[in-house]
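Engineer: one predicted model, sequence on top.
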Number of protein chains: 2
Amino acid sequence: MSVLIMSNTVHFKKVALIGVGLIGGSLALDMKAKAIADEIVGVGRTRGNLDTALTLGIVDSVTQDIAEGVKGADLVIVAVPVLKVASVIEAAAAHLADGCIVTDVGSVKERLITEVTPLLGDSVSFVPAHPVAGTENSGAGAALTGLFNGRNCIVTPTDSTNQGALATITELWRAVGSRVVVMEPALHDRILSAVSHLPHVIAYALVNTVAAAGKCAEGGEETDMLSYSAGGFRDFTRIASSSPEMWADICDMNSVAIVEMIEAFQTELDALKEAIETRNMDAVKDEFNVAKSLRDELIKST
Amino acid sequence: MSVLIMSNTVHFKKVALIGVGLIGGSLALDMKAKAIADEIVGVGRTRGNLDTALTLGIVDSVTQDIAEGVKGADLVIVAVPVLKVASVIEAAAAHLADGCIVTDVGSVKERLITEVTPLLGDSVSFVPAHPVAGTENSGAGAALTGLFNGRNCIVTPTDSTNQGALATITELWRAVGSRVVVMEPALHDRILSAVSHLPHVIAYALVNTVAAAGKCAEGGEETDMLSYSAGGFRDFTRIASSSPEMWADICDMNSVAIVEMIEAFQTELDALKEAIETRNMDAVKDEFNVAKSLRDELIKST
């Protein structure tokens, strides 16, 4: 794929960033560095986090008042946990300027769109988006310049999405280095349930399994099994250090796709367990070989 | 914990290293750097890998003949895949010098000890050991200096293990920076099934689940779901790039403990799935919170 590098044509006068965390804060840093916005107002509930954002130069000013924050903004970025997006937009709706574009960064799209769409009038446009990037850290202090560079940003318009606003948001994400992919909300949710939501659920479950196994070890003595883990386990469970609130919200919002994907995984794991139990080592090796090829291929293409 | 740094008292005249891969090669590099061995002979089946080991200065000489390699050695390190340890020791047994210590680095201990013990006469000592370290790479070219520094090395003697040989092998691993832990073979196998074997099985199963999910995506169209994965998924599946042969062997050797641990994990995952399905988000959040605390604690203590 060839990528056309062009100078920014996307520009906003006043951006209201509601939720100055890892994702919102990182986007603000890039927007300022690339002069995409004249002014960015950070809106949030926690004074301490807003002060951090201000001190770090992520935003130009801060407020805890949504109405004040969005007043006169030509772009409102809602970067709060997925479960709170609708209530934030509901609080903002009456105060949005005509022509304002509202966008989000949520990891779940279908239910979010269903919730948000009826809240907004015809004079503003909503463009659902999801930058597939992040770390296990959270808060304004975790924001990083260049977080989205080379990453996918999935934009999931519906039939009613304003085409001009869609083009603007596409340009915004391209300007911070992302590869923009447009797809149906339902496909997005299915893909993310596989490559992101399921791994998180597994990582949390695995850490708890290992901790519990140590409590009922041989002879009734407790063993701190986790203390015997090596680098592989630590990498493997890094995502279990992610925010429990945020991930519980995602599981809530995308429960149907996640449950389906857990079941697909359970089927796969059951087959592998049976192969190990019956010492069908050729089947085990085949499974492992296929996975290794896929994973090696994935890394090569990064 | 305070660590006493002392000069090496452990020393060998001739070391035969059977299997010059990531673990064996890394140990040889440290033994040479710390002058623990006068001479290290690399023994292996693959000429190319032995040549690599020689070129990289991991060993002083190489041979494909086990009998020749172990002749006159005061230490034989068997660093081949766990399933092959017994056959290698069987081939070496008749050629071992009196007083020779034989040790291994295998990730499974109980079945290996049962297989190896009857193969060796009274004039040699077998000390089962397992350095808990590694990367997803393999072969002599993957060997690293300092791989074992700060890592656990689990030594699993039995009632019949020679105490002097046990002390020597303990000193050897301490000399390369490891924290030596002595425990029952069965407990070792149970712990490793939890912190290492289960995560590998899960990682392989996850990669295959995601790849398969893309094949039956909405509308019958194929989607390369893996291409939408971000850093979390890549870290999470790093261990799925490990050697399929080695891991199938480990699953074979430790099948009972691994199947038990898979079942414990399945119970945990089932509960989490049910909580998500019934939207019992408090239960989900509790699970995630416990896992995050444990995982954060683990990283702090590293």
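Structural biologist: Good, I have the coordinates. Numbers count the residues shown, from 1 in each chain, chains lettered A, B, ... in the order given.
Engineer: can you count the residues close to the one residue in the stretch 1-150 of chain A that gets nearest to chain B?
Structural biologist: The stretch 1-150 of chain A approaches chain B most closely through residue A:132 (4.8 Å), counting by CB to the nearest CB. Where C-beta positions appear, they are placed from N, C-alpha and C, glycine not excepted. Residue A:132 sits with 24 neighbouring residues when counted by other CB atoms under 10 Å in any protein chain shown.
Engineer: ok, it touching residue B:228?
Structural biologist: Yes - between residue A:132 and residue B:228 there is a contact under CB atoms under 8 Å: 6.1 Å.
Engineer: which residues do these two both contact?
Structural biologist: Residues touching both residue A:132 and residue B:228 (CB atoms under 8 Å, 6 or more residues apart in numbering or on different chains) are A:152, A:154, A:192.
Engineer: out of these, who has the most neighbours?
Structural biologist: Ranking these using other CB under 10 Å puts residue A:192 first, with 27 neighbours.
Engineer: now it: phi and psi?
Structural biologist: With angles defined as degrees, to the nearest 10, residue A:192 sits at phi -70, psi -30.
Engineer: and if you look at residue A:75?
Structural biologist: According to degrees, to the nearest 10, residue A:75 has phi -140, psi 130.
Engineer: pLDDT at it, what is it?
Structural biologist: On pLDDT, residue A:75 comes in at 98.
Engineer: what's the burial count for it?
Structural biologist: Neighbour tally, residue A:75, other CB under 10 Å: 26.
Engineer: residue contacts, it?
Structural biologist: Contacts of residue A:75 by CB under 8 Å, 6+ apart are A:12, A:14, A:15, A:16, A:37, A:100, A:101, A:103, A:172.
Engineer: list the buried residues for the helix or strand harbouring the fourth one?
Structural biologist: Meaning residue A:16. Using DSSP states H and E, residue A:16 falls within strand A:12-18. Buried residues in strand A:12-18, counted by 16 or more other CB atoms under 10 Å in any protein chain shown: A:12, A:14, A:15, A:16, A:17, A:18.
Engineer: neighbouring strands for that strand, and are they parallel or not?
Structural biologist: strand A:37-43 (parallel), strand A:75-78 (parallel) (DSSP bridges).
Engineer: could you give the mean pLDDT of the first one?
Structural biologist: In this case it means strand A:37-43. 98.
Engineer: how about stretch A:46-57?
Structural biologist: 97.
Engineer: show me which residues of that stretch are buried.
Structural biologist: Going by 16+ other CB under 10 Å, stretch A:46-57 has these buried residues: A:49, A:50, A:52, A:53, A:54.
Engineer: in chain A, which residue is closest to the centre?
Structural biologist: residue A:107 (4.3 Å; CA atoms, centre = their mean).
Engineer: surely residue A:198 meets residue A:262?
Structural biologist: Yes - at 6.3 Å, residue A:198 counts as touching residue A:262 under the criterion of CB under 8 Å.
Engineer: who's in contact with residue A:203?
Structural biologist: So residue A:203 contacts A:236, A:237, A:238, A:239, A:240, B:236, B:291 (CB under 8 Å, 6+ apart).
Engineer: wait, I meant residue A:195
Structural biologist: Taking CB under 8 Å, 6+ apart, we find residue A:195 in contact with B:210, B:225, B:226, B:228, B:229, B:230, B:233.
Engineer: would you agree it falls within a helix?
Structural biologist: Yes - counting by DSSP: H, G, I helix; E, B strand; the rest coil, residue A:195 is found in a helix.
Engineer: how far away is it from residue B:212?
Structural biologist: 13 Å (CB to CB, to the nearest Å).
Engineer: likewise for residue A:178?
Structural biologist: Distance from residue A:178 to residue B:212, counting by CB to CB: 28 Å.
Engineer: which one of these two has more residues nearby?
Structural biologist: Each of residue A:178 and residue B:212 has its neighbours counted (other CB under 10 Å); residue A:178 has more, 25 against 16.
Engineer: which SS state does residue A:95 fall under?
Structural biologist: Three-state call for residue A:95 (three-state DSSP): coil.
Engineer: OK, contacts around it?
Structural biologist: For residue A:95, the contact set (CB under 8 Å, 6+ apart) comprises A:66, A:67, A:70, A:71.
Engineer: quick one: which of the residues you listed has the most company?
Structural biologist: Ranked by the number of neighbours (other CB under 10 Å), those place residue A:70 first, at 29 neighbours.
Engineer: JSON lines please, covering the buried residues of stretch A:46-57 and showing distance to residue B:267 and secondary structure.
Structural biologist: Putting the buried residues of stretch A:46-57 into JSON lines (distance: CB to CB, whole Å; DSSP: H, G, I helix; E, B strand; the rest coil) gives the following:
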{"residue": "A:49", "distance to residue B:267": "38", "secondary structure": "helix"}
{"residue": "A:50", "distance to residue B:267": "43", "secondary structure": "helix"}
{"residue": "A:52", "distance to residue B:267": "41", "secondary structure": "helix"}
{"residue": "A:53", "distance to residue B:267": "43", "secondary structure": "helix"}
{"residue": "A:54", "distance to residue B:267": "47", "secondary structure": "helix"}
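Engineer: so which of the contacts of residue A:195 belong to helices?
Structural biologist: B:210, B:233 (DSSP state H).
Engineer: the contacts of residue A:195: which ones sit near chain A?
Structural biologist: Near chain A, judged by CB under 8 Å from any CB of the partner chain, the entries from these are B:210, B:225, B:226, B:228, B:229, B:230, B:233.
Engineer: show me what the one helix or strand residue A:90 maps to is in contact with.
Structural biologist: Assigned by DSSP H and E, residue A:90 falls within helix A:85-93. Residues outside helix A:85-93 that contact it (CB under 8 Å, 6+ apart) are A:16, A:18-19, A:66-67, A:69-70, A:76, A:78, A:80, A:102, A:104, A:106, A:112, A:115-116, A:119-121, A:124, A:126.
Engineer: which ones among those map onto strands?
Structural biologist: Counting by DSSP state E, the part of the contacts of helix A:85-93 found in strands is A:16, A:18, A:76, A:78, A:102, A:104, A:126.
Engineer: tell me where chain A has helices.
Structural biologist: A:22-33, A:47-55, A:66-70, A:85-93, A:110-116, A:163-175, A:185-192, A:198-215, A:231-236, A:244-253, A:255-277, A:281-300.
Engineer: pull out the buried residues from stretch A:94-105.
Structural biologist: Neighbour count says stretch A:94-105 has A:95, A:96, A:100, A:101, A:102, A:103, A:104, A:105 buried, by 16+ other CB under 10 Å.
Engineer: list the buried residues of stretch A:86-96.
Structural biologist: A:86, A:88, A:89, A:91, A:92, A:93, A:95, A:96.
Engineer: so what's residue A:229 closest to, chain neighbours aside?
Structural biologist: Spatial nearest neighbour of residue A:229, excluding adjacent residues (CB to CB, 6 or more residues apart in numbering or on different chains): residue B:195 at 4.1 Å.
Engineer: now residue A:94: how far from residue A:70?
Structural biologist: Counting by CB to CB, the gap from residue A:94 to residue A:70 is 10 Å.
Engineer: what does residue A:26 give?
Structural biologist: For residue A:26 relative to residue A:70 (CB to CB), the value is 21 Å.
Engineer: could you do residue A:117 as well?
Structural biologist: Counting by CB to CB, the gap from residue A:117 to residue A:70 is 18 Å.
Engineer: can I see the domain layout of chain A?
Structural biologist: Following the assignment in automatic domain parsing, chain A carries domains at A:12-183, A:187-300.
Engineer: take the ones you listed and lay them out in TSV including distance to residue B:62.
Structural biologist: TSV is the format used below for the domains of chain A (distance: least, CB to CB, whole Å):
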stretch	distance to residue B:62
domain A:12-183	43
domain A:187-300	28
